[in-house]
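Visitor: Quick one: sequence plus predicted model below, questions after.
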Amino acid sequence: MKSIIDALKDGRLIELPDNNKQKALGYLASIMEAIPELSPGFDIGDAVLKREEAANTALGMGWACPHVRVPGDGELFSSIGWSPAGIDYGAPDGKPVHLLVMFYIPDNQKNAYLKEVSALAKAILKEQGMEKILSATNINDVRNELLNWVSSALDSSLPQAKARIIKLEARQAAAETAATPQQQPSAITAAQILPLMILRMAGGKSVILSQHGELVSKLETADMSPLNENGGRTEFEIGGYKILVRSKTQYQPDRTVYDCLALK
């Protein structure tokens, strides 16, 4: 359960701001792409969507484990999204999905991934299924239930003393993240994920489209030259916001629209 514990400790549990399946997966992929240890330039969102087209990753009972496999060695990472209303995911049991656990799986972590998913599924069954997730009223309720699942999985797989230490460390770190999000630069809540569009025109002029006035005012006077780097798919910081570019579309004459997320 290491990747899930790390996700809770590092603030990669979010309330999804959109109940559309593709958009929800895009948000989680963007959170994953912001992990410093991952090599830049790999389109996790696109890879996850292609995987979903090949095989739906919903496991029933209201949860799914979208994932992407990558060549080479590395660490197993995850990010977790909670949808209070539920997502029409095409699950085999027909139920909406309320919890997405997304995994980034290097070749050397295939067995670790299978063990985590198996342990998580067993813990969900042991802890009366998704009932508490379905009745959760805020992200802290979801975090606490996930910690209960982690505890249940550790109790069945590790010696008692070691499991107790890991549980205490995970709960302490998650409590610190929940209590002081302003001091956790990697802790991202749904309110801090702001969709926006950036229209770039000839001569370098930019038009910012967003529902967030502060973000618009900061970006319209900012240097947008980073958008021209790395083929237009990049990330950069402006005025306390990290801008993640998810895709770009070319229009005539000499205009480009960037689909972005702003993280604060």
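Guide: Perfect, I can see it now. Numbers count the residues shown, from 1 in each chain.
Visitor: Start from the N-terminal end of the stretch 151-264 of the chain and give the strands.
Guide: For the stretch 151-264 of the chain, the strands defined by DSSP state E, counting those that start in this stretch cover 193-200, 206-209, 235-238, 241-251, 255-263.
Visitor: Can I get the ones you listed in a markdown table including mean neighbour count, distance to Ser217 and mean pLDDT?
Guide: The way it works is simple: take the backbone N, C-alpha and C, and place the C-beta from them, glycine included. Output for those, formatted as a markdown table (neighbours: other Cβ atoms under 10 Å; distance: least, Cβ to Cβ, whole Å; pLDDT from 0 to 100):
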| stretch | mean neighbour count | distance to Ser217 | mean pLDDT |
| --- | --- | --- | --- |
| strand 193-200 | 18 | 12 | 78 |
| strand 206-209 | 16 | 9 | 83 |
| strand 235-238 | 15 | 11 | 75 |
| strand 241-251 | 17 | 12 | 77 |
| strand 255-263 | 19 | 13 | 80 |
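Visitor: Share the number of residues neighbouring Gly72, please.
Guide: 8 (other Cβ atoms under 10 Å).
Visitor: So for it, what's the pLDDT?
Guide: The per-residue pLDDT reported for Gly72 equals 89.
Visitor: Quick check: phi and psi on it?
Guide: Main-chain torsions, Gly72, degrees, to the nearest 10: phi 90, psi -170.
Visitor: isn't it right up against Tyr104?
Guide: No - contact criterion Cβ atoms under 8 Å: Gly72 and Tyr104 do not qualify, at 11.9 Å.
Visitor: returning to that earlier point: Pro66: which of the strands of the stretch 151-264 of the chain is closest?
Guide: Checking these against Pro66 by Cβ to Cβ gives strand 241-251 as the closest, at 15.8 Å.
Visitor: and Ser79, what are its bridge partners?
Guide: Beta-bridge partners for Ser79, by DSSP bridges, are Met102.
Visitor: what residues are up against it?
Guide: Applying Cβ atoms under 8 Å, 6 or more residues apart in numbering, one finds that Ser79 lies in contact with 7, 12-14, 28, 31-32, 102.
Visitor: Try it again at 6 Å.
Guide: Going by Cβ atoms under 6 Å, 6 or more residues apart in numbering, Ser79 touches 7, 12, 28, 31-32, 102.
Visitor: and if you look at Trp149?
Guide: Contacts for Trp149 (Cβ under 6 Å, 6+ apart) come out as 123, 127.
Visitor: So the residue positioned nearest the centre of the chain: helix, strand or coil?
Guide: In the chain, the centroid-proximal residue (Cα atoms, centre = their mean) is Leu28; its distance is 2.7 Å. Following DSSP: H, G, I helix; E, B strand; the rest coil, we place Leu28 in the helix state.
Visitor: In this structure it contacts Tyr104, no?
Guide: No - using Cβ atoms under 6 Å, Leu28 is not in contact with Tyr104, being 10.5 Å away.
Visitor: For the residue nearest to Leu76 when sequence neighbours are not counted, give me the pLDDT.
Guide: Excluding its sequence neighbours, the residue lying closest to Leu76 (Cβ to Cβ, 6 or more residues apart in numbering) is Gln109, at 4.1 Å. On the pLDDT scale, Gln109 is placed at 94.
Visitor: Let me see the backbone angles for Leu99.
Guide: Per-residue torsions, Leu99: phi -130, psi 120 (degrees, to the nearest 10).
Visitor: now do Ala47
Guide: Main-chain dihedrals, Ala47, degrees, to the nearest 10: phi -60, psi -40.
Visitor: Just the buried positions in stretch 142-155, please.
Guide: Across stretch 142-155, burial judged by 16 or more other Cβ atoms under 10 Å covers 142-143, 145-147, 149-154.
Visitor: now swap in stretch 68-83 and tell me
Guide: 68, 70, 74, 76-83.
Visitor: Tell me which two of those residues sit farthest apart.
Guide: Taking Cβ to Cβ as the measure, the buried residues of stretch 68-83 span a maximum distance of 28.3 Å, between Gly74 and Ser83.
Visitor: and stretch 112-124, what's its mean pLDDT?
Guide: pLDDT averaged over stretch 112-124 gives 88.
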